[in-house]
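> Structure for this input, please:
(chains A and B)
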Amino acid sequence: AQSVTQLDSQVPVFEEAPVELRCNYSSSVSVYLFWYVQYPNQGLQLLLKYLSGSTLVKGINGFEAEFNKSQTSFHLRKPSVHISDTAEYFCAVSAGSYIPTFGRGTSLIVHP
Amino acid sequence: DSGVTQTPKHLITATGQRVTLRCSPRSGDLSVYWYQQSLDQGLQFLIQYYNGEERAKGNILERFSAQQFPDLHSELNLSSLELGDSALYFCASSVADNTGELFFGEGSRLTVL
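Next comes the predicted model:
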């Protein structure tokens, strides 16, 4: 079985500051990892994915994430956030059956 | 726009009733997934279909059922509705089922009164 833990339910940050959203996973087999973003009243949109290869993955809107197998983590980072980044962010893991399991989400709140 | 279409966007109904949610996947995608999103449970996987056949089942109640038709669109049927079934129901699709990368619709918000 696989599971995902997003350590922070809410992350407030000021505009132009850096941000890190934390994600840890648990799986007994090799995994694929994803970050999705959900803007208000919208569906989930893929930000980035790790399937194989380089552990540093770059996504849309200036986000990046690093796969750390020894720490079973896949933290999401952005060096300078904008007001428009305010949204709910979901980490997801798939393994074996390839059905993604999602974390509970982290609400990123960017203040001016 | 993900290319996944869900209808209706909003639905209000009473306890004990039955509703059907519809999903059209992205063109070319063979796999359809249904998820339920609620405040207390988060995003829960319900069921997956691949090219018309049920592929995987998650936390789907016996009162719920789904199917995927030959044109690949899918329907989720929810019956004997309870207050606790109020949630956002997402459909997602993928080309195959070999990574877990999904494309989500905008969801159907169900309110049971």
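> Nearest to chain A: which residue in chain B?
Using Cβ to the nearest Cβ, the closest approach of chain B to chain A is made by B:Gly100 at 2.7 Å. C-betas here are computed from N, CA, C, even on glycine.
> contacting residues around the closest residue to that residue other than its chain neighbours?
Nearest residue to B:Gly100 in three dimensions, chain neighbours excluded: A:Ser94, at 2.7 Å (Cβ to Cβ, 6 or more residues apart in numbering or on different chains). Contacts for A:Ser94 (Cβ atoms under 8 Å, 6 or more residues apart in numbering or on different chains) come out as A:2, A:31-32, A:34, A:100-101, B:99-100.
> where does chain A come near chain B, residue by residue?
Applying Cβ under 8 Å from any Cβ of the partner chain, we find that chain A lies next to chain B at A:32, A:34, A:36, A:41-46, A:49, A:51, A:90, A:92-94, A:97-105.
> wait, B:Thr15 sits on B:Val112?
Yes: if you go by Cβ atoms under 8 Å, B:Thr15 and B:Val112 touch, sitting 5.9 Å apart.
> Between the two, which has more neighbouring residues?
Neighbours per residue, other Cβ atoms under 10 Å in any protein chain shown: of B:Thr15 and B:Val112, the larger number sits with B:Val112, 19 against 12.
> Could you check the pLDDT of that one?
At B:Val112, the pLDDT value in this model is 97.
> In chain A, which residue is most central in space?
Note on chain A: the residue nearest the mean C-alpha position is A:Trp35, at 3.6 Å, using Cα atoms, centre = their mean.
> And for chain B?
So for chain B, Cα atoms, centre = their mean, it's B:Trp34, sitting 3.3 Å from the centre.
> Now do the strands in the chain.
Looking at chain A here, since you left the chain open. With DSSP state E applied, chain A shows strands at A:3-6, A:10-14, A:19-21, A:23-26, A:32-38, A:44-50, A:56-58, A:64-68, A:73-78, A:87-94, A:101-102, A:106-111, listed in chain order.
> could you do chain B instead?
In chain B, the strands defined using DSSP E lie at B:5-7, B:10-13, B:19-24, B:31-38, B:42-50, B:53-57, B:64-68, B:74-78, B:87-94, B:103-104, B:108-112.
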